[in-house]
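>>> Build me a model:
(one chain, ligands or ions: 1)
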Amino acid sequence: MPTTDRAARRRTLDALLRRSPLQPAFRARAARRLAVLAYHGVDDPAAFRAQMEHLARTANPVGPDQVARAAEHRRPLPPRSVLVTFDDGDPTVLTRALPVLARLRIPAAAYVITDLIDSDHPYWWTEAAHLIRRGGHTRVLRGLGPDAAVHRLKALPDAQRLTSLAELRATAKRQAPRQRQLTAAELRELADGGLTIGNHTASHPCLDRCDDDHLDAQLVRAHDRLTTWLGHPPTTFAYPNGNHDPRAETVLRILGYRTAYLFDHRHTALAPADRLRISRLRVNSHTGRDRFDTILSGLHPAIHRLRGGS
Ligand SMILES: [Zn+2]
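Next up is the predicted model:
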């Protein structure tokens, strides 16, 4: 199906779901749950502003420390609590999200990949897709298009992912373009503006695909860099790709983390039962108003699961 048809079909479905007789019941239930929204960058500033204004009017925005306290003391947050989060440290969090969040006094958290800070390296998945489009190849990815190849790379043992990336670089006709990343000074600017900066590992491997030493190093290196840059240790974490790993949980506990977030498209309890495994809902700035409503109500996540989404 062409992309435009698919987008139109999706809009129709979103409009239908919003009118579903189930929506009020879902909305009432969602008011008694915590919605942690997981954004990446902000590609549509006007739509993002509308989403945040909607939250400021209808929800109770909370910060990561409030979520941590609610989980630690098993004391529920107020109804309709929402936490806004951003993964991967896209520079639009600084240029587009921060001004809106500051104006509306909405707290938020940004989870950054520390090896990319002060660099111009692309995200590894962006780089891999580019290299494949430029003829890069390696045995384990034979016959796969860019999206399928990235999917496959995430499933490989991490050492093999790194070897495969090196092979793609060696065989592609052109290297991936450089990518603007945040600097350490900009991280401080975000923190000064009221965002909580969290650990999202050093280089964004799927932790469940890492051996013990590599996993420890990923968490500790990012922790140390953030402690230096921010002047205090970070206390919140987001699992890359949402992939939970019990070994990571142990390391996070030792390092003093108060909360860690998944990427599982679910609501969580107003007093999260497991503070190192808190669910999040997937959204984008271009998520339409109908879908944004049904994501917040939990109807979209429920339908998504019924259709076999993870
Ligand atoms: Zn990420």
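
>>> hey, where'd the helices end up in the stretch 101-250 of the chain?
With helices called from DSSP state H, counting those that start in this stretch, the stretch 101-250 of the chain shows them at 124-133, 146-155, 158-171, 184-192, 212-230, 246-254.

>>> In the first one, which residues are buried?
Residues of helix 124-133 classed as buried under the neighbour-count rule (16 or more other CB atoms under 10 Å) are 124-125, 127-132. Quick note: C-beta positions are derived from backbone N, CA and C, even for glycine.

>>> what does the stretch 101-250 of the chain have sitting close to the ion?
residue 240 (CB under 5 Å from the ion).

>>> on that earlier part again, okay, the helices of the stretch 101-250 of the chain, which one's buried deepest?
helix 124-133 (a mean of 21; mean count of other CB atoms under 10 Å).

>>> And the residue of the chain closest to the ion?
In the chain, the residue that lies nearest the ion is residue 87 (4.0 Å; CB to the ion).

>>> and the closest residue in space to residue 212 that isn't next to it in sequence, what pLDDT?
Of all residues not flanking residue 212 in the chain, residue 247 sits nearest, at 6.5 Å (CB to CB, 6 or more residues apart in numbering). Reading off the confidence values, residue 247 has pLDDT 98.

>>> what's the residue most central in space within the chain sitting at in phi/psi?
Centroid-nearest residue in the chain: residue 87, 3.7 Å away (criterion: CA atoms, centre = their mean). Main-chain dihedrals, residue 87, degrees, to the nearest 10: phi -110, psi 150.

>>> Then residue 202?
Dihedral pair for residue 202: phi -80, psi -40, per degrees, to the nearest 10.

>>> What about it, how many residues nearby?
21 (other CB atoms under 10 Å).

>>> what sits against it?
113-115, 217-218, 221-222, 225 (CB atoms under 8 Å, 6 or more residues apart in numbering).

>>> hmm, who's touching the one helix or strand residue 54 maps to?
For residue 54, the element it lies in under DSSP states H and E is helix 45-58. With CB under 8 Å, 6+ apart as the test, helix 45-58 has contacts from 42, 61, 80, 82, 84, 96-97, 100-101, 104-106, 283, 285-287, 289, 292.

>>> The helix or strand that it is followed by pairs with which strands, parallel or anti?
Going down the chain from helix 45-58, the next helix or strand is strand 60-61, by DSSP H and E. Take DSSP bridges as the rule and strand 60-61 pairs in its sheet with strand 81-87 (parallel).

>>> The partner strand to helix 184-192, inter-axis angle?
Strand 81-87 and helix 184-192 are oriented at 180 degrees to each other (axes from the mean of the first three to the mean of the last three CA atoms, to 10 degrees).

>>> what's the helix or strand just after strand 81-87 in contact with?
Following strand 81-87 in sequence order, the next helix or strand is helix 92 (DSSP H and E). If you take CB under 8 Å, 6+ apart as the criterion, helix 92 is touched by 41-43.

>>> Not counting its own residues, what contacts stretch 158-172?
Contacts of stretch 158-172 (CB under 8 Å, 6+ apart): 124, 127-128, 130-132, 134-138, 140-141, 153-154, 156, 175, 205-206, 209-211, 214.

>>> where's it relative to the chain centroid, distance-wise?
How far stretch 158-172 lies from its chain's middle: 25 Å, per CA atoms, centre = their mean, to the nearest Å.

>>> Ok, which of the helices of the stretch 101-250 of the chain comes nearest residue 277?
helix 246-254 (7.5 Å; CB to CB).
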